[in-house]
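Asks: sequence unknown, structure follows:
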Ligand code: CDP
């Protein structure tokens, strides 16, 4: 099975790239951020997000997580992302979710010719021997604008849009800082990853660049 590992900063375009690659090659895809978001979302729904035993509750939820029940839409809020990033610092939680991700790959080995996983520690931890590793980044301003567009909000006032953009810049920067500085599996490019800045290229250009690397053109 061909393994493609995609890591990168929040809203850098890694998720879109992963989806497009999986579609192009008929590979199975897992957005690993959804696992952390799902645990965070369950904590919020069950009012456990302010518990003094957050690590314990996170691990309990993670153990029972079904990877086939990850509804992307309900997990997209910034509140969920912020808590996801916070709990992602727990070593025990990461161990549980890492096993689930590795299980997902093993279970699909005979069903698909390849897999694409995107997240923060795919090239360094989950698929250390991946055939291809990519690390995707872009400037914070561009990433915040992309996240705002994803939200599909029609603003009545230009000022409201500016305000939302400003909040997103702060939220995304804080999350990047936490993800990059945590002790367990920090967000860093694997030594053998192709590092690509998408500040000035769109999703199609990125796909083209990456497929050229994969196909050795
Ligand atoms: O879509 P976006 O890049 O904003 O975030 P995500 O991929 O859904 O991930 C949400 C959070 O989960 C990240 O900020 C990380 O803290 C955490 N995460 C992680 O630690 N390891 C992964 N493999 C994937 C996500």
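Replies: Perfect, I can see it now. All of these numbers come straight from a predicted model, not from anything done at the bench. Numbers count the residues shown, from 1 in each chain.
Asks: can you give me the buried ones in the lengthiest helix in the chain?
Replies: Assignment by DSSP state H gives helix 158-181 as the longest helix of the chain. Residues of helix 158-181 classed as buried under the neighbour-count rule (16 or more other Cβ atoms under 10 Å) are 164, 168-169, 171-172, 175-176, 178-179. In short, each C-beta sits where N, CA and C put it, glycine included.
Asks: I'd like the residues you listed as JSON lines, with pLDDT and distance to residue 122 appended.
Replies: As requested, the buried residues of helix 158-181 are arranged in JSON lines below (pLDDT from 0 to 100; distance: Cβ to Cβ, whole Å):
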{"residue": "164", "pLDDT": "92", "distance to residue 122": "30"}
{"residue": "168", "pLDDT": "95", "distance to residue 122": "24"}
{"residue": "169", "pLDDT": "97", "distance to residue 122": "26"}
{"residue": "171", "pLDDT": "95", "distance to residue 122": "23"}
{"residue": "172", "pLDDT": "96", "distance to residue 122": "20"}
{"residue": "175", "pLDDT": "95", "distance to residue 122": "17"}
{"residue": "176", "pLDDT": "94", "distance to residue 122": "17"}
{"residue": "178", "pLDDT": "95", "distance to residue 122": "18"}
{"residue": "179", "pLDDT": "95", "distance to residue 122": "13"}
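Asks: give me the subset of those residues touching the ligand.
Replies: For the ligand, the contacts drawn from these by Cβ under 6 Å from any ligand atom are 175, 179.
Asks: nearest to residue 117 among the buried residues of helix 158-181?
Replies: residue 179 (16.3 Å; Cβ to Cβ).
Asks: for the closest one, what are its contacts?
Replies: By Cβ atoms under 8 Å, 6 or more residues apart in numbering, the residues touching residue 179 are 9-10, 85, 88, 120, 186-187.
Asks: so what's the nearest residue to it once chain neighbours are set aside up against?
Replies: Spatially, and ignoring its direct neighbours in sequence, residue 179 is nearest to residue 187 (4.2 Å; Cβ to Cβ, 6 or more residues apart in numbering). Residue 187 is in contact with 7-9, 120-121, 176, 179-180, counting by Cβ under 8 Å, 6+ apart.
Asks: if we use 10 Å, what do you get?
Replies: 7-10, 85, 88, 119-121, 124, 135, 137, 175-181 (Cβ atoms under 10 Å, 6 or more residues apart in numbering).
Asks: can you check residue 140 too?
Replies: Residue 140 neighbours (Cβ under 10 Å, 6+ apart): 9-11, 168-170, 172-173, 176, 199.
Asks: now residue 103
Replies: Shown in contact with residue 103 (Cβ under 10 Å, 6+ apart): residue 67.
Asks: measure it to residue 115 for me?
Replies: Distance, residue 103 to residue 115, using Cβ to Cβ, to the nearest Å: 12 Å.
Asks: thought residue 40 was touching residue 82, still the case?
Replies: Yes: if you go by Cβ atoms under 10 Å, residue 82 and residue 40 touch, sitting 8.1 Å apart.
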